[in-house]
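**Student:** Turn this into a structure:
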Amino acid sequence: MTPLPRATALLLNVAHAIDHMFLLIFATAVASIAAALGVARWEDLMPYGVGAFAMFGLMSLPAGRLGDLWGRRRMMLVFFFGMGVSALLVAVADSPWQLAAALTLLGIFSAIYHPVGIPMLVQRSTRPGLTIGLNGLSGNLGVALSAVVTGALVKYAGWRLAFVVPALVAIGCGVLFARFAPEESVAPARRPQTQATVSRRTLAHIFAVVTVASISGSLLFNFTTNGNGELLHERLRGIVDDPAVLGVLLAVVYIAGALTQVGVGLLLDRVPLKTLYAAIVALQAPLFILAASAQGWTLFALMAAFMIAVFGAIPFTDAMIVRYVDDRMRSRVSGMRLAVAFGVSSIAVWLLGPLVKAAGFRSLLLLMAGIAAATFCVVLLLPRTAAGGLAARADDVAPGAAD
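**Tutor:** Got it, this is the predicted structure:
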C-alpha cells in the first residue's frame with residue numbers, strides 16, 4: 001500500500017490540533033465569557049460546557065461506524081466544516097444556555113476525529129508508533145495554541161473572536177483537505193484483512209483494560225487541561241497577573257508535554273507496551289501529591305512535570321488498537337472505546353467548577369493523584385507481550401497471558 005500523501009498526513013495532524021484547541025477555548029476564556037454574560041463566577045459557568053465533552057465521547061461510536069462503513073475521507077470533511085460552523089455559533093451566543101447548545105454541537109463534530117482521523121493516518125504507516133507520537137504532538141500543540149491564541153485574542157479582541165478566528169482556519173483546512181486527500185475506492189470495512197488477529201477472549205480482555213485505563217486517563221486530561229489555567233492564575237497571583245503571559249506559561253507546559261509524545265512514539269516501536277505504559281503512569285500520582293501544596297514557580301515546575309506524565313500516557317490506547325485490531329474495524333473499535341471513556345470522563349468538566357469552588361485546587365490535585373494510582377493498577381492487568389514494540393506482529397501475546 002502506498003504511503004499517505006504528505007499534504008493529507010499534514011492536514012490530518014492539523015485536524016488533531018484543531019480538535020483539542022477548539023474544545024479548550026471555552027475553558028481558557030471562561031472568566032471573560034462569564035463576565036460578558038453576567039455570570040458572577042467562572043465556576044458557575046463551567047458546567048455549561050459539559051455537553052461538548054459528553055458528545056465528544058458519546059458520538060465517537062456513530063462516528064467510528066460511519067468512518068469504517070461510509071468512508072474516512074468523507075467523515076473528515078464533515079469534521080472540518082462542522083467544527084468551523086459550530087465554533088461560529090458559539091461566538092454569537094448571548095446567554096449561558098445558547099452557549100451550552102453551541103458547545104454541545106461543537107462536541108458532536110469534535111467526536112469525529114479520534115475514531116476516524118487517527119486510523120486514516122496510521123493505516124499506511126510502516127512506523128505506527130512514531131506516527132502516533134507525532135500525531136499526539138500535534139494534538140497537544142493544539143492544547144498549547146488554545147492557551148496562547150485564546151489568551152491573546154481575549155485580551156486584545158474579545159472572547160468572541162477567540163472562536164471566530166479558529167473557525168475560519170478550520171473551514172480553510174476543510175477546503176484544502178477536499179483538494180488534496182485522495183478519494184477512497186472502497187470503504188475500510190470492505191477491504192481485505194491486513195494483519196493477524198488475536199482471539200476474541202484476548203481482545204475482550206485488552207479492550208476492557210484499555211477502556212478502563214482510558215477513562216481514568218481522560219479524567220486526568222479533562223481535569224488538568226480545563227483547570228490548569230485557573231490553577232496557574234491562583235498559585236501565581238502577585239507574581240504573574242497578565243492573562244496573556246499566563247497563557248504563554250500554560251503553553252510552555254503543554255508544549256513540554258506534547259514533545260514527550262514524540263519520544264514515547266519512538267519507544268513504542270521498540271519497547272513492550274505494558275512496560276513503557278506502566279513506567280509513565282507510575283510517575284503521575286507522586287507529582288500530583290507534590291503539586292497539591294506547591295505555590296509560585298514550584299507549582300509551575302510541577303505542573304510541567306505532571307503534564308509530561310499525563311500527555312506521555314495518551315498514545316498508548318491508540319497504540320493498543322493499532323497492534324491488535326485490523327484496519328477494517330479500527331474506527332468502530334476506537335469509537336466504542338472513546339464513547340465509554342470520553343463519555344464518562346466528561347463528568348470532570350461538570351465537576352471541576354463546583355469542586356474547586358467548594359474544596360479548592362488542593363483537593364482536586366489529591367483526587368487526581370488517586371485516579372492516577374488507580375490507572376497504574378489497571379495498566380498492570382494488560383497481557384504480557386513478547387519482546388519488541390508496536391512493529392511486532394499482533395499475535396505475539398504470551399500464551400495464557402490474557403486468560
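
**Student:** From here on, just use CA atoms for contacts and neighbour counts.
**Tutor:** Will do.

**Student:** For residue 77, give its distance to residue 90.
**Tutor:** Residue 77 sits 20 Å away from residue 90, going by CA to CA, to the nearest Å.

**Student:** try residue 370
**Tutor:** Counting by CA to CA, the gap from residue 370 to residue 90 is 35 Å.

**Student:** do the same with residue 146
**Tutor:** Separation of residue 146 from residue 90 (CA to CA): 15 Å.

**Student:** So residue 291 lies in a strand, does it not?
**Tutor:** No. Under the criterion used here (DSSP: H, G, I helix; E, B strand; the rest coil), residue 291 is helix, not part of a strand.

**Student:** residues in contact with residue 331?
**Tutor:** Contacts of residue 331 were listed using CA atoms under 8 Å, 6 or more residues apart in numbering, and they are 63-65, 67-68, 115-116, 119.

**Student:** any chance of those residues in JSON lines, with secondary structure, distance to residue 230 and neighbour count too?
**Tutor:** Below are the contacts of residue 331 laid out as JSON lines (DSSP: H, G, I helix; E, B strand; the rest coil; distance: CA to CA, whole Å; neighbours: other CA atoms under 10 Å):
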{"residue": "63", "secondary structure": "helix", "distance to residue 230": "33", "neighbour count": "30"}
{"residue": "64", "secondary structure": "helix", "distance to residue 230": "34", "neighbour count": "32"}
{"residue": "65", "secondary structure": "helix", "distance to residue 230": "37", "neighbour count": "23"}
{"residue": "67", "secondary structure": "helix", "distance to residue 230": "37", "neighbour count": "30"}
{"residue": "68", "secondary structure": "helix", "distance to residue 230": "40", "neighbour count": "27"}
{"residue": "115", "secondary structure": "helix", "distance to residue 230": "31", "neighbour count": "30"}
{"residue": "116", "secondary structure": "helix", "distance to residue 230": "32", "neighbour count": "30"}
{"residue": "119", "secondary structure": "helix", "distance to residue 230": "34", "neighbour count": "26"}
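
**Student:** Of residue 146 and residue 90, give the one with the bigger neighbour count.
**Tutor:** The residue with more neighbours, out of residue 146 and residue 90, is residue 146; 30 against 22, by other CA atoms under 10 Å.

**Student:** That one looks like it's in a helix, true?
**Tutor:** Yes. Assessed with three-state DSSP, residue 146 lies in a helix.

**Student:** What number of residues are in the vicinity of residue 239?
**Tutor:** Residues lying near residue 239 (other CA under 10 Å) number 10.

**Student:** And the nearest residue to it once chain neighbours are set aside, how close does it get to residue 235?
**Tutor:** Leaving aside its chain neighbours, residue 239 sits nearest to residue 296 (7.4 Å; criterion: CA to CA, 6 or more residues apart in numbering). Here the criterion is CA to CA. By it, residue 296 lies 5 Å from residue 235.

**Student:** Neighbour count for the two, which is higher?
**Tutor:** Applying other CA under 10 Å to residue 296 and residue 235 shows that residue 235 carries more neighbours, namely 19 against 16.

**Student:** Go ahead and confirm the more buried one touches residue 299.
**Tutor:** Yes. With contact defined as CA atoms under 8 Å, residue 235 and residue 299 form a contacting pair (7.2 Å).
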